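Colleague: Build me a model:
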Amino acid sequence: MASGTTDPAINAYMNACKAFQEVDITRLEELTHLSDFPCGTDG
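Modeller: The predicted structure follows:
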């Protein structure tokens with residue numbers, strides 16, 4: 001996968017993976033507020 005991709009879904013996934021790897025609880029909590037998944041509409 002090329003770095004610097006502009007696909008928002010891939011960027012969101014990579015941000016979440018990085019937060020998990022760094023055990024960044026604050027960032028993980030922030031990410032949960034960016035989407036209504038799993039309770040909303042899943043694109």
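
Colleague: Show me the shaky parts of this structure.
Modeller: Counting by pLDDT under 70, the chain contains low-confidence residues at 1-5, 36-38, 40-43.

Colleague: ok, now with 50
Modeller: Residue ranges of the chain with pLDDT under 50: 1.

Colleague: Neighbours of residue 23, how many?
Modeller: Neighbour count for residue 23, taken as other Cβ atoms under 10 Å: 8. In short, each C-beta sits where N, CA and C put it, glycine included.

Colleague: Run through the residues that contact it.
Modeller: Taking Cβ atoms under 8 Å, 6 or more residues apart in numbering as the definition of contact, residue 23 has no neighbours.

Colleague: repeat for residue 31
Modeller: Residue 31 makes contact with 12, 15, 16, 19 under the criterion Cβ under 8 Å, 6+ apart.

Colleague: which SSE is residue 29 in?
Modeller: According to DSSP states H and E, residue 29 maps onto helix 25-32.

Colleague: Give me the number of neighbouring residues for residue 30.
Modeller: Neighbours of residue 30 under the rule other Cβ under 10 Å: 12.

Colleague: any idea how far residue 17 is from it?
Modeller: 15 Å (Cβ to Cβ, to the nearest Å).

Colleague: now swap in residue 35 and tell me
Modeller: Residue 35 sits 15 Å away from residue 17, going by Cβ to Cβ.

Colleague: Need the CA coordinates for the helix holding residue 29. PDB is fine.
Modeller: Below are the C-alpha coordinates for helix 25-32, written out as PDB (Å, rounded to 0.1, in the frame of the first residue of the first chain):
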ATOM      1  CA  ILE A  25      -6.500   5.700  24.600                       C
ATOM      2  CA  THR A  26      -7.300   9.300  24.200                       C
ATOM      3  CA  ARG A  27      -6.900   9.100  20.400                       C
ATOM      4  CA  LEU A  28      -9.000   5.900  20.300                       C
ATOM      5  CA  GLU A  29     -11.800   7.700  22.200                       C
ATOM      6  CA  GLU A  30     -11.600  10.600  19.800                       C
ATOM      7  CA  LEU A  31     -11.900   8.200  16.800                       C
ATOM      8  CA  THR A  32     -15.000   6.700  18.200                       C
END
